[in-house]
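Trainee: Kindly generate the corresponding structure for this input.
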Amino acid sequence: MTHAVTDDRLWTARELANFLGYSESTVTRMVSQEPDKLPPRVAALGRPRWLPSAALQWVRENTGPRPVGGRRMGRPRSPI
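Mentor: Predicted coordinates for the structure are as follows:
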């Protein structure tokens, strides 16, 4: 799946969920319970929104090499 990140349109929870491989309900829950596990969102808006370029950069910075032993903690993700 190709993700366009060149437009200036803000992503909704559904669009961020599709990009990250989560369900929309998971992203919605994480916004209030675990915001540090999501890309930084645009502040001062009534509903959570994300810049596509910021989400892509966040994924790049938070996807690292596998730990020793080959096991990763948490949900497996495909490389970008």
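Trainee: going forward, measure contacts and count neighbours with C-alpha atoms only.
Mentor: Noted.
Trainee: For this protein, which helix or strand comes out least confident on mean pLDDT?
Mentor: Across the helices and strands of the chain, mean confidence by mean pLDDT, DSSP states H and E is lowest for helix 52-62: a mean of 94.
Trainee: From the contact counts, what lies against that one?
Mentor: Using 3 or more C-alpha pairs under 8 Å, 6 or more residues apart in numbering; DSSP states H and E as the contact definition, helix 52-62 packs against no other helix or strand.
Trainee: end-to-end on stretch 15-25?
Mentor: Stretch 15-25 stretches 12 Å from its first residue to its last (C-alpha to C-alpha, to the nearest Å).
Trainee: what's in contact with it?
Mentor: Contact with stretch 15-25 is made by 3, 13-14, 26-27, 50, 55, 77, as judged by C-alpha atoms under 8 Å, 6 or more residues apart in numbering.
Trainee: Need the CA coordinates for the least confident helix or strand of the chain. PDB is fine.
Mentor: Below are the C-alpha coordinates for helix 52-62, written out as PDB (Å, rounded to 0.1, in the frame of the first residue of the first chain):
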ATOM      1  CA  PRO A  52       1.100  13.000   7.300                       C
ATOM      2  CA  SER A  53       4.800  14.100   7.100                       C
ATOM      3  CA  ALA A  54       5.100  14.100  10.900                       C
ATOM      4  CA  ALA A  55       3.600  10.600  11.200                       C
ATOM      5  CA  LEU A  56       6.000   9.300   8.600                       C
ATOM      6  CA  GLN A  57       9.000  10.900  10.400                       C
ATOM      7  CA  TRP A  58       7.700   9.500  13.700                       C
ATOM      8  CA  VAL A  59       7.600   6.000  12.300                       C
ATOM      9  CA  ARG A  60      11.100   6.300  10.900                       C
ATOM     10  CA  GLU A  61      12.400   7.400  14.200                       C
ATOM     11  CA  ASN A  62      10.600   4.800  16.200                       C
END
